[in-house]
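Undergrad: predicted model, plus sequence, below.
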Amino acid sequence: MLFKIAWKNIWRNKGRSSIVIIAIALGLWAGVFASAFVSGMMKQKVDSVIEKEISHIQFHAKGFRDEFAADLYMKEGAQIDMALHTDSSVKSTSGRVICMAMLGSANQSGAIKAIGVDPAAETSVTGLSKSVVEGKYFEGIKRNPILVSTRTAKKYKLKLRSKVVLTFQDLNGDMVAGAFRVAGIFNTHNGMNDEMNVFVKRKDIGKLIGIPQGAYHELAVMLKQHGIAEATASKYQEIYPEQEVLCWLDLGLGMRYMMEMTGSYTTILVGIILVALLFSIINTMLMAVLERTKEIGMLMAIGMTKGKVFTVIMVETMYLALIGGPLGLLLSYLLIQFFGEKGVDLSGAGYEEMGMASIVYPFLSTAEYIQVFVMVIVMAILAAVYPAIKALRLKPVEAMR
Amino acid sequence: MKVIETKNLEKIFDGPVPLKAVNNVDLTIEDGEFTAVVGPSGSGKTTLLNMVGGLDRPTGGVAIVNGQDLNELSENELIDFRLKNIGFVFQSYNLIPVLTAKENTEFIMLLQDIKKEIRDERVEALLKEVGLEDKMDQRPSQLSGGQQQRVAVARALASKPSFILADEPTANLDSTSTSNLLDIMEQLNKEEGITFIFSTHDQRVIDRARRVITLVDGQIVSDERR
């Protein structure tokens, strides 16, 4: 009966209860969708960073990432590469020879990172071949083909078959240069990253640097699952203590921090919205209690215990939250599902410049939906306490006057 | 059998000038009485009934109901005591507006955790006794003042109380409704021995009472049995 009375009580003032319910639903809708937007953006960034830039794990000689010195190479790079292919959790690997170089064209020169790759291995790890928008992936040029980004091509006024010169230090510290011809122009939609890198064949640049056969500066590893990256990196660090083995979270770029921040984002944003809604509910319930002072006094007079009075007020508040909350979550879910497939097109808003995708696919995990629902329940309970205590403090005789 | 006994019962309200609303009242109410407590406004009638009904604490003296000194009970114990021993009929009916006549009457029994079958049977019988068997599913807003007060009487009876305290029960009723209500209450008193104690200005109630206690300035000035 108490639940029945509580249910009927909230509909005594249909307008007021409806406004509170709609406020909860809309507030949650906005908050959850915004969280999903950020979550989707971060997820895409992480996926992009992993799939197109840094992979799940990278091996380096210790100190290489600080100096990019040519002589800091992994002598047993190829052997480690072969050993990794016996691990069933490894999807693909790519051994790279890397140097910091000066890129010179007829019009311009500037600093660049030249990444020497095995074309087949590289595309299995980063899908580089799919990013080629003009020309071919290391085909069509017999000697020293090079892939440059669309930004680099624009900056250096390069076309297909344009000649460029890469100048860099070899193992002995001497300056060496090599002429390369543009075989293809790529665009990974990560403006920042594209501008920094050019790709050449590993054997071409390796010969110029003087690096031994089978030695790598960098070994990139893609795993079959995201979730095992950290553990796998730790495992291989123990197996190869003389190398530096890091997972994507620790490969700079602030990825770990970004992941932790994203995880808190839903909690903080939705929490702020729920705190605002909490005061709205408290206000509504206080009005409802004050309007019913006489009735509550009568109920206590005829024998309704304070515990039951408290329960009725609590249940009324819970009803408001439990209608508005799931409604808001449902609206959020539908919107997230819709834009999760269609995407939110933010082209021209500068996201590509920052290394973010310009089309964002909002995403929220089941665990996050549950987290929001729990937050709604907690908010409802907190909102109910003060009005319920106010009701308890009423003395029957005074209340009925 | 004594249902209510007060000894030196006193109530002083704090204020700039303390007010002695009830002044050393000794009173005994027996089982089966149909008693009106009368007096001018401010004479202490409502305060006296609030104290014997356990709704207010005396500042002096004792109120003993069914042998229980109400001063010895805590707040929660008083609530429970009222539920089991005392029925209330208020001036402004005070029904729960979201419940039907049947649900309002049943409410007290729900608070007492009485089983559904017993509740259903008793509610039907009570509403029939007050002549509202055809209004069971109507809400207070759909009933007249007299009908609402009859539901209040049925609710007061539902817990099988030792006595019913009725504070100005006819104040908001027309003469026909008043007459009907008093007929029902008299009948319940005579046929079922239910004790009624009224606080009233209404002469129609006073005329029907078999005992009239007059209060002036918080003291009993007369106690007439008819």
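TA: All right, it came through fine. Numbering: from 1, shown residues only, chains lettered A, B, ... in the order given.
Undergrad: from here on, just use CA atoms for contacts and neighbour counts.
TA: Will do.
Undergrad: could you pick out the residues of chain B near chain A for me?
TA: Counting by Cα under 8 Å from any Cα of the partner chain, chain B comes close to chain A at B:50, B:55-56, B:76, B:79-84, B:86-88, B:94-96, B:98-99, B:107-108, B:110-111.
Undergrad: next step: the residues you listed restricted to helices.
TA: If you go by DSSP state H, the residues of chain B next to chain A have B:50, B:76, B:79-84, B:107-108, B:110-111 in helices.
Undergrad: which secondary structure element is home to B:Thr214?
TA: B:Thr214 belongs to strand B:211-216 when assigned by DSSP states H and E.
Undergrad: report the buried residues of whatever helix or strand comes next after that strand.
TA: Sequence order places strand B:219-225 as the next helix or strand after strand B:211-216, per DSSP H and E. Neighbour-count burial for strand B:219-225 flags B:219-220 (criterion: 16 or more other Cα atoms under 10 Å in any protein chain shown).
Undergrad: check which helices and strands strand B:219-225 is in contact with.
TA: In terms of contacts (3 or more Cα pairs under 8 Å, 6 or more residues apart in numbering or on different chains; DSSP states H and E), strand B:219-225 is packed against strand B:19-30, strand B:211-216.
Undergrad: can you say which of the residues of chain B next to chain A are buried?
TA: So, by 16+ other Cα under 10 Å, the buried ones in the residues of chain B next to chain A are B:50, B:55-56, B:79-84, B:86-88, B:94-96, B:98-99, B:107-108, B:110-111.
Undergrad: quick one: the strands in the chain, in order.
TA: If you meant another chain, say so; for now it's chain A. Using DSSP state E, the strands assigned to chain A run over residues A:57-61, A:90-104, A:109-117, A:132-135, A:145-149, A:163-169, A:175-186, A:197-201, A:218-223, A:243-247, A:344-345, A:359-360.
Undergrad: should've been chain B
TA: B:2-13, B:19-30, B:34-38, B:60-65, B:68-69, B:86-89, B:163-167, B:195-199, B:211-216, B:219-225.
Undergrad: let me know the average pLDDT across the fifth one.
TA: This means strand B:68-69. The predicted model gives strand B:68-69 an average pLDDT of 93.
Undergrad: any idea how far A:Ala83 lies from chain B?
TA: Noted for A:Ala83: a distance of 74 Å to chain B, by Cα to the nearest Cα, to the nearest Å.
Undergrad: count of neighbours near the residue of chain A found nearest chain B?
TA: Nearest residue of chain A to chain B: A:Gly303, at 4.2 Å (Cα to the nearest Cα). The local packing of A:Gly303 (other Cα atoms under 10 Å in any protein chain shown) involves 24 other residues.
Undergrad: for it, give me the pLDDT.
TA: pLDDT at A:Gly303 comes out at 88.
Undergrad: same thing with A:Met102?
TA: Value for A:Met102, per-residue pLDDT: 95.
Undergrad: got a list of what the closest residue to it other than its chain neighbours touches?
TA: Using Cα to Cα, 6 or more residues apart in numbering or on different chains and skipping residues adjacent in sequence, the residue nearest A:Met102 is A:Ala111, 4.5 Å away. Going by Cα atoms under 8 Å, 6 or more residues apart in numbering or on different chains, A:Ala111 touches A:100-103.
Undergrad: show me which of the ones in helices among the residues of chain B next to chain A is closest to A:Asp66.
TA: Closest to A:Asp66 out of those is B:Asn76 (73.7 Å), distances taken as Cα to Cα.
Undergrad: can you give me the helices in the stretch 251-400 of chain A?
TA: A:255-291, A:293-302, A:306-342, A:366-392, A:396-400 (DSSP state H, counting those that start in this stretch).
Undergrad: and the fourth one, is it in reach of chain B?
TA: Going back to what we said before, that points to helix A:366-392. No - judged by Cα under 8 Å from any Cα, helix A:366-392 stays clear of chain B, getting no closer than 11.5 Å.
Undergrad: what's the burial count for the nearest residue to A:Val376 once chain neighbours are set aside?
TA: The shortest distance from A:Val376 to any non-neighbouring residue, by Cα to Cα, 6+ apart, is to A:Gly325 (6.2 Å). Number of residues near A:Gly325 (other Cα under 10 Å) recorded here: 30.
Undergrad: what score does the residue nearest the centre of chain B have for pLDDT?
TA: Geometric centre of chain B, nearest residue: B:Leu165, 1.5 Å, by Cα atoms, centre = their mean. The pLDDT attached to B:Leu165 in the predicted structure is 93.
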